[in-house]
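Visitor: Have a look at this prediction, sequence included:
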Amino acid sequence: MSITQLKKDACAAIDAMAGDLIDASHQIHANPEIAFEEKFAHALLTDKVEAAGLPVERHACGLDTAFISHFGTDDKAAAEVGILSEYDALPGIGHACGHNIIATTGLGAALALAKLPNLNGRVRYLGTPAEEAGNGKELMARHGAFDNLDAAMMVHPAGIDLVTMPSLAVNEVRVTYIGKAAHASAMPSMGINALDALVTAYQSIAQLRQHIRNSERIHGIFNEAGLAPNIVPDRAVGTFYVRAPDGTSLAALKVRVQKCFEAGALASGCEVQIEWALADYLEIKESWSIANRYKANAESLGRRFFPLEKLPTGGAGSTDMGNVSHRVPSIHPMIACAPPHVVIHNPEFAKWAGSERGDAAVIDGAKSLAMTAIDVLCDKELRTTAHKDFNASAEESHKALKGAWHGKGGHENGDITLGGCGCC
């Protein structure tokens with residue numbers, strides 16, 4: 001069967017299940033759940049996969065709200081593509097990043113591909129929790145979730161259609177200084193001032209910012225700075241984000257920031273605890289050959305893409321899909337579900353994610369993903385080009401992934417508030 005016919009059949013299958021997909025999107029939208037707590041969405045999506053007659057591994061990769069479904073030809077040597085769903089929400093403002101749309105575009109694409117009897121390939125449908133906080137895809141990757149894929153793909157809602165999301169690498173770090181309390185007037189010499197340590201570190205970072213690249217960023221806040229003016233602060237806590245264009249430069253910048261924190265301790269005599277998030281969010285390494293196929297497929301549905309070169313400079317976010325993209329050829333396009341002036345992580349965007357325009361994004365996104373997956377599975381030349389392009393910078397990706405992992409931090413310590421920067 002021709003690629004053209006397979007795409008028509010996949011789109012017809014999505015049209016046939018459109019009502020069910022939109023209903024699922026609305027249910028997830030109405031029941032927002034933060035990172036690692038997506039129990040409703042996990043149950044809803046896995047039940048639908050199972051109801052379609054497909055196997056599904058719930059609670060995959062050691063994460064309670066992750067899942068993986070494999071289906072397709074029994075030929076293990078056949079090409080395999082990964083379709084991803086995200087479904088976590090933001091604290092306080094629900095699905096203001098539109099992950100209900102991401103969840104159901106992935107579901108629709110996967111179920112449509114499963115209905116194609118002549119698809120000579122394999123599909124891995126992955127439910128990936130904790131994008132907004134906790135770097136869920138990196139945690140899944142360390143359990144082999146994306147091993148041996150020929151490509152991985154998902155689509156993210158926005159105010160415009162884009163072939164990819166401009167992105168930065170980022171990590172969050174929390175620094176805690178422990179000093180010694182004393183009466184600030186009667187016995188100041190008996191104290192060790194933790195606030196002085198944090199101020200010194202902050203000023204050191206301010207000086208460092210004069211000598212970093214224009215594309216790099218360091219910004220932070222004081223979370224704790226003392227209890228009363230007449231008590232020498234014995235504890236001070238700050239939280240900072242460190243950003244760079246790519247994982248390699250981020251690794252180098254983190255070393256410089258670490259020294260600023262250590263300087264605060266050295267100058268004040270405090271003890272210091274420096275907690276980097278469990279893993280960096282890496283920048284997206286877009287597979288342009290596959291991304292261009294997605295663009296053509298989406299344009300065939302009437303979608304019109306905004307030129308990347310006309311985007312304002314500095315308008316970049318971060319996502320754990322970047323971590324996947326340094327392991328296998330990947331795409332992360334954006335699909336419009338709101339007017340261009342409505343930005344993600346805004347309460348108004350949450351309204352659009354559950355609107356008729358959001359529903360249209362669910363259907364168009366599912367079709368575009370399914371058609372692009374068919375291109376990857378059926379076009380050997382496309383796969384060869386994608387792997388060749390990926391391998392051209394494989395060594396840089398290896399270095400970025402190695403530097404991104406800290407082996408301790410947020411999720412491992414049970415504190416999912418550390419390491420949250422999905423799409424931020």
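Guide: That came in fine, so what should we check first? Numbering: from 1, shown residues only.
Visitor: residues in contact with the closest residue to residue 166 other than its chain neighbours?
Guide: With Cβ to Cβ, 6 or more residues apart in numbering as the measure, residue 316 is the residue that lies nearest to residue 166, at 4.2 Å, once sequence neighbours are left out. Where C-beta positions appear, they are placed from N, C-alpha and C, glycine not excepted. Residue 316 is in contact with 165-168, counting by Cβ atoms under 8 Å, 6 or more residues apart in numbering.
Visitor: Backbone dihedrals for residue 285, please?
Guide: Dihedral angles of residue 285 (phi, psi; degrees, to the nearest 10) stand at phi -100, psi 90.
Visitor: Burial check on residue 339, number of neighbours?
Guide: 12 (other Cβ atoms under 10 Å).
Visitor: give me every residue that touches it.
Guide: Residues in contact with residue 339 (Cβ under 8 Å, 6+ apart) are 159, 352.
Visitor: change it to 6 Å
Guide: Contacts for residue 339 (Cβ atoms under 6 Å, 6 or more residues apart in numbering) come out as residue 159.
Visitor: So it: helix, strand or coil?
Guide: Following DSSP: H, G, I helix; E, B strand; the rest coil, the label given to residue 339 is coil.
Visitor: returning to what we had before: what about the contacts of residue 316, which are in helices?
Guide: When the contacts of residue 316 are checked against helices (DSSP state H), there are no matches.
Visitor: what about the strands in the stretch 251-400 of the chain?
Guide: 271-276, 330-331, 334-336 (DSSP state E, counting those that start in this stretch).
Visitor: Make TSV out of those and add mean neighbour count.
Guide: Putting the strands of the stretch 251-400 of the chain into TSV (neighbours: other Cβ atoms under 10 Å) gives the following:
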stretch	mean neighbour count
strand 271-276	17
strand 330-331	28
strand 334-336	24
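Visitor: Now tabulate these in a markdown table and tack on mean pLDDT.
Guide: Output for those, formatted as a markdown table (pLDDT from 0 to 100):
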| stretch | mean pLDDT |
| --- | --- |
| strand 271-276 | 95 |
| strand 330-331 | 98 |
| strand 334-336 | 98 |
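Visitor: Indicate which one of those is closest to residue 310.
Guide: Ranking the strands of the stretch 251-400 of the chain by proximity to residue 310 (Cβ to Cβ) places strand 334-336 first, at 14.1 Å.
Visitor: which outside residues touch that closest one?
Guide: The contact list for strand 334-336 (Cβ under 6 Å, 6+ apart) reads 155-158, 160-162, 165, 361, 365.
Visitor: now stretch 234-245
Guide: 168-181, 194-195, 198, 215-225, 250, 253-254, 257.
Visitor: and if you look at stretch 11-22?
Guide: 104, 108, 112, 115, 359, 362-363, 366-367.
Visitor: hmm, back to that, okay if I get the strands of the stretch 251-400 of the chain as CSV plus distance to residue 40?
Guide: Output for those, formatted as CSV (distance: least, Cβ to Cβ, whole Å):
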stretch, distance to residue 40
strand 271-276, 31
strand 330-331, 27
strand 334-336, 24
